[in-house]
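> Using only what follows, build the 3D model:
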Amino acid sequence: MKPRLPRAILLDLDDTILNDSGSIDASWQEACRPGALECGLGADILYSAIRKTSAWYWSDPERHRIGRLDLQTARTEVVRLALVELGIGDSEVAEKIGRVYHDKREASLEIFPDAIETIEWIRAEGCRLALLTNGSQGAQRRKIETFGLARYFDAVFIEGEVGFGKPDERIYRLALKTLEVQPSEAWMAGDNLEWDVAQPQKLGIFAIWIDAAGDGDARLGQVKPDRIIRKLSDLKHQ
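Numbering: from 1, shown residues only. All right, here's what the predicted structure looks like:
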């Protein structure tokens, strides 16, 4: 049965509309092969060190905020720190590995199947749409332009353009004000439990979590989404 939509929906971009994280492992593995040769390491050893360091680096909210505004620099720093842990202080090699990884990630971006069809359906149902995405102006605008997404949204809010991003409550309030709706008249949908669920709920927005992996029970903790779906196109069904 087709669901009744609200007056407005706020949508996340990365890992909601675009498959941004699906190539992480493959991209690191490709970057590590030539890098490991230069370092005299096994590629698996370098890969493990980088993945461990990456998990640590991005776990801190403030490092995350700063790093996502300059991803290439952040990714290179992750490699540098991983190499230091392995007893290698070669910044040139770190830069090479970081650049290869960054380029592989950017080149592997793709739109999820049925994402555009779902967005077109939302628009056809008379629902207003805003795109809320964290990251730098340049990187996020490139994604939006590459996939021709801007024309589907009544408003687009990029952290690097606006000056603040999720989970700062100002970004949600700005979106609601721009779309001329109250929190109770809006949904937020995305893959991040804090940014797309917990914080919107505090403002009275109905929050939908996209649990692509289907392992939500193990990850939810204290956060209780109003609805859980596996992919954006699930919005079309009750």
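
> drop to CA atoms for contacts and neighbour counts, all remaining ones
OK.

> Could I get the full set of helices for the protein?
All helices of the chain, identified by DSSP state H, fall at 24-39, 43-59, 61-68, 71-85, 91-107, 115-124, 137-146, 159-162, 169-179, 199-202, 216-219.

> how does this structure divide into domains?
Using automatic domain parsing, the domain parsing of the chain gives 8-20+110-236, 24-107.

> if we can go back for a sec, show me the one of the helices of the chain that comes nearest I228.
helix 216-219 (8.4 Å; Cα to Cα).

> quick one: contacts of stretch 61-70?
Y57, W58, T73, A74, N134, G135, S136, G160 (Cα atoms under 8 Å, 6 or more residues apart in numbering).

> Buried ones among these?
Y57, W58, A74, N134, G135, S136, G160 (16 or more other Cα atoms under 10 Å).

> Excluding chain neighbours, what is closest to the second one?
What that stands for is W58. Distance criterion Cα to Cα, 6 or more residues apart in numbering; nearest residue to W58, sequence neighbours excluded, is H64 at 5.1 Å.

> average model confidence for stretch 64-73?
For stretch 64-73, mean pLDDT is 95.

> sorry, back to before: from W56, how far out is the residue nearest to W58?
Per Cα to Cα, to the nearest Å, H64 is found 10 Å from W56.

> Can you pick out the residue with more neighbours from these two?
H64 (15 against 12; other Cα atoms under 10 Å).

> how much space between the more buried one and E169?
Counting by Cα to Cα - H64 and E169 are separated by 17 Å.

> same thing with W121?
Counting by Cα to Cα, the gap from W121 to E169 is 28 Å.

> okay, which residue of the chain is out on the far edge from center?
G40 (33.9 Å; Cα atoms, centre = their mean).

> Got the confidence number for that residue?
pLDDT at G40 comes out at 87.

> Now do stretch 142-153: everything it contacts.
Residues contacting stretch 142-153 (Cα under 8 Å, 6+ apart): I111, I119, E120, R123, R128, L129, A130, L131, V156.

> Looking at those, which one is closest to V93?
When the contacts of stretch 142-153 are compared for distance to V93 (Cα to Cα), I111 wins out at 31.9 Å.

> That closest one bridge partners, please.
I111 forms beta bridges with L18, as assigned by DSSP bridges.
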